[in-house]
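Undergrad: need coordinates for the following:
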Amino acid sequence: MLHAVTPLVESEVLSQLVGHRVMLKMDAVQPSGSFKIRGLGYMAARAKERGCTRLVTSSGGNAGLACAFAAKRLGLKCLVVVPSTTPELMRAKIRLQGAEVVQHGSVWDEANEYALQAVKEEGSAYVPPFDDPDIWTGNASLSHELKSQLSEKPSAVVLSVGGGGLMCGVIQGLHEVGWGDVPVIAMETDGANCLNSAVQAGKPVTIPAITSIAKSLGSKTICKQGFDWTLKHRVISKTVSDKTVVEVCRRFLDDHCLLVEPACAAALAAVYNPSILRDISPPVLVQGAGPVVVVVCGGSAISLAMLRAYEESFALAAENKENTATSSTATTQLQSTTTTTTTSSHTEPASQSGPEVLFYSRSGKDWLGVFRTVMPEARVREFQPGDNGPADFIVAHNPPGEMMAARAGVRAVFNIGAGVDGMMTALQSPHAGTPSDIPVYRLEDAGMAVQMSGYVAHAVLHHFRSADIYAAQQAAERWEPHKPVRQESSIRVGVLGYGKLGQHVASTLAGLGYRVSAWKRTPAKSVGDERVAVLCGKEQLAEFLRGLDCLVNLLPLTPETENMLNASLFQQLARGALVVNTARGKHVVDADLLAALESGQLSHACIDVTREEPLPAGHPFWKHPRITLTPHVSALTVAEPSMQQIADKIRTIWAGGKVTEGLVDRTVGY
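TA: Have a look, this model is predicted:
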């Protein structure tokens, strides 16, 4: 058994507040930090019995941490695939358990696709975050413990719901111990309310997006077993606001000296707001009946700094300062559960204890405003010419060289974008003086991979499915079907550059049936898509290029890669090849590209980036019949996830942690 038998303790504070005995099942003290080790530990142990030597999961939250913990205790290898939204705080905790952490995609679904490919490796077993009978059986142990710890049947069990794994396990266990009539109060936050939405609709539904700060509840659809339990067990679905759970996090910390995630606080909100329980009909608070049990499920994606930031975003800091000396009492009532979720955009520094950030962007977007919103505890100032003051961190997009002059206190530099050529130019300017040992970080994905894959897939399909021919026929009012000249499996597509974006693009094209290969400068450090043949280093570049029907360029721009797409390279491709350039305009020698199109060595080029942007009037690219030109739109940087990624990394470094994801090698320029 990998999980611990956790304490069941009575809370005097909450019992007085509710007017009924309240017991806390303290799964926050599980060795992995949350209840997740119950289900995932049980499933991992069964996998080892079947001969598994490696666990693979796609959760970067508490499930990923529990899986890593289980693997370490069982002597198994572990791969945890996380989306770009996973905080560095959680990645570091997962690595501490000895697991390999790979980032893929911007949402869980994309990370899960990668995990499902990786699990094909011999000896691997896939461990889902919540939707599996073994997970539910492991989680049922919580109810069995309650049976042994309580002398009477509880009035109700209160728990938080994400994808439904905890709820399924607890209800299964209640039936197994003869408590099948004990109601379960299922708590969610507005914006992560997949169960409540399903109950309202009378069927499982998918909510549009997770907009709540309670990311651990971030499943857009309740598992089928979870919804089925609502049809045969008394499940009471309730929701609370983000502001409420932040208040509850603080109150619970003050009252019980334990810091929990907002996701866990959703369950606690039911007893900190007794009206939730009192309004239930038929009533669950019956005089003389057993206690209300609240599952304190825990969670590791929280820190004091993060809680302060949440409080600032809901303007709660001043209230908490006033209430520091006052514990919760029976007369204390928190905000009503119907409070609308709001997020304040702060334009003033939130706290003098936060990091000092120097910010610059020439983009028309309000990047500064978004950054202040996602990191309200920071003291942020916008760079102006002549500013040579100290800063803890620099966040910038295409900064002037003067901004990168030597200044006191700088711990790290963050580039707003995946391409760092503009930042490297600033760092190498005559005005720059940022020491070479100061780490520079670039954005990883942050919503760009899906866009890039869609753009490239469209370009490839458009070309090889003869879309231009059909467009001309439409203009001529001619109906003339053409059979595809070649099957996708016979078309060789090569991706130059196999970083986060390149991996996503290559996997997308492989999924469409194309024969895909990729090239990168250094050997691959982690598992990739087995459908993609990866070649590495200068010695394998010619082999990679030889006979390609389509070349997609996603290389970073460095002195070594500038002008790389030239006449010599084009000659190594199959005659009539397609070239797609979505990286940088300076990769291409324009005259060589035009000559290759004229000679027929290339049949078409899809160009999203040019040497000079905007492209000057009269440039040959504008009206060339075999060039498709777009204005640098293949993958636009999405403000909120990008700023959130940077903010998470700053918090980790500010707290004394180490960040490796997105670290730029300044010696090679990316």
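
Undergrad: buried residues of stretch 472-480, list them for me.
TA: Within stretch 472-480, not a single residue qualifies as buried, counting by 16 or more other C-beta atoms under 10 Å. Quick note: C-beta positions are derived from backbone N, CA and C, even for glycine.

Undergrad: same thing with stretch 578-594?
TA: Buried residues in stretch 578-594, counted by 16+ other C-beta under 10 Å: 578-589, 592-594.

Undergrad: CA-only coordinates of that stretch in CSV, if you can.
TA: Output of stretch 578-594 as CSV, limited to C-alpha atoms (Å, rounded to 0.1, in the frame of the first residue of the first chain):
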residue,chain,number,x,y,z
LEU,A,578,7.0,22.3,-51.6
VAL,A,579,8.8,24.7,-49.2
VAL,A,580,6.9,26.1,-46.1
ASN,A,581,8.8,28.7,-44.1
THR,A,582,7.2,29.8,-40.8
ALA,A,583,10.4,30.5,-38.9
ARG,A,584,12.3,33.7,-39.9
GLY,A,585,12.7,35.5,-43.3
LYS,A,586,16.4,35.6,-43.0
HIS,A,587,16.6,31.8,-43.3
VAL,A,588,15.8,32.1,-47.0
VAL,A,589,17.9,33.5,-49.8
ASP,A,590,15.1,35.2,-51.7
ALA,A,591,16.9,35.1,-55.1
ASP,A,592,17.7,31.4,-54.7
LEU,A,593,14.1,30.7,-53.9
LEU,A,594,12.8,32.6,-56.9
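
Undergrad: report the two of the buried residues of stretch 578-594 separated the most.
TA: Among the buried residues of stretch 578-594, the pair separated by the greatest distance (C-beta to C-beta) is 578 and 586, at 20.6 Å.

Undergrad: ok, back up a step: okay, and which of the buried residues of stretch 578-594 map to helices?
TA: 592, 593, 594 (DSSP state H).

Undergrad: relative to residue 400, which of those is nearest.
TA: residue 593 (31.5 Å).

Undergrad: what's the spacing between the closest one and residue 584?
TA: 14 Å (C-beta to C-beta, to the nearest Å).

Undergrad: could you do residue 207 as well?
TA: Note on residue 207: its distance to residue 584, by C-beta to C-beta, is 38 Å.

Undergrad: residue 435 too?
TA: Taking C-beta to C-beta, one finds residue 435 at 27 Å from residue 584.

Undergrad: before we move on, what about residue 530?
TA: 30 Å.

Undergrad: where in the stretch 401-550 of the chain is pLDDT low?
TA: 446, 484, 524-528 (pLDDT under 70).

Undergrad: can you pull out the strands in it?
TA: Taking DSSP state E, counting those that start in this stretch as the criterion, the stretch 401-550 of the chain carries its strands at 412-415, 440-441, 492-496, 515-520, 533-536, 550-553.

Undergrad: mind listing what's buried in the helix or strand just after the last one?
TA: Proceeding C-terminally, strand 550-553 gives way to helix 567-572 as the next helix or strand, assigned by DSSP states H and E. Applying a neighbour-count criterion of 16+ other C-beta under 10 Å, one finds 569, 570, 572 buried in helix 567-572.

Undergrad: equivalent analysis for stretch 486-495, please.
TA: Under 16+ other C-beta under 10 Å, the buried positions of stretch 486-495 are 488, 491, 492, 493, 494, 495.

Undergrad: didn't residue 362 look like it was pressed against residue 398?
TA: Yes - in this structure, residue 362 is within contact of residue 398 by C-beta atoms under 8 Å, at 5.8 Å.

Undergrad: quick one: which of those two has more around it?
TA: residue 398 (17 against 11; other C-beta atoms under 10 Å).

Undergrad: OK, contacts around the more buried one?
TA: 361, 362, 422, 423, 426 (C-beta atoms under 8 Å, 6 or more residues apart in numbering).

Undergrad: compare the residues you listed and tell me which has the most neighbours.
TA: residue 423 (26 neighbours).

Undergrad: okay but that one is in contact with residue 440, surely?
TA: Yes - if you go by C-beta under 8 Å, residue 423 and residue 440 touch, sitting 6.6 Å apart.
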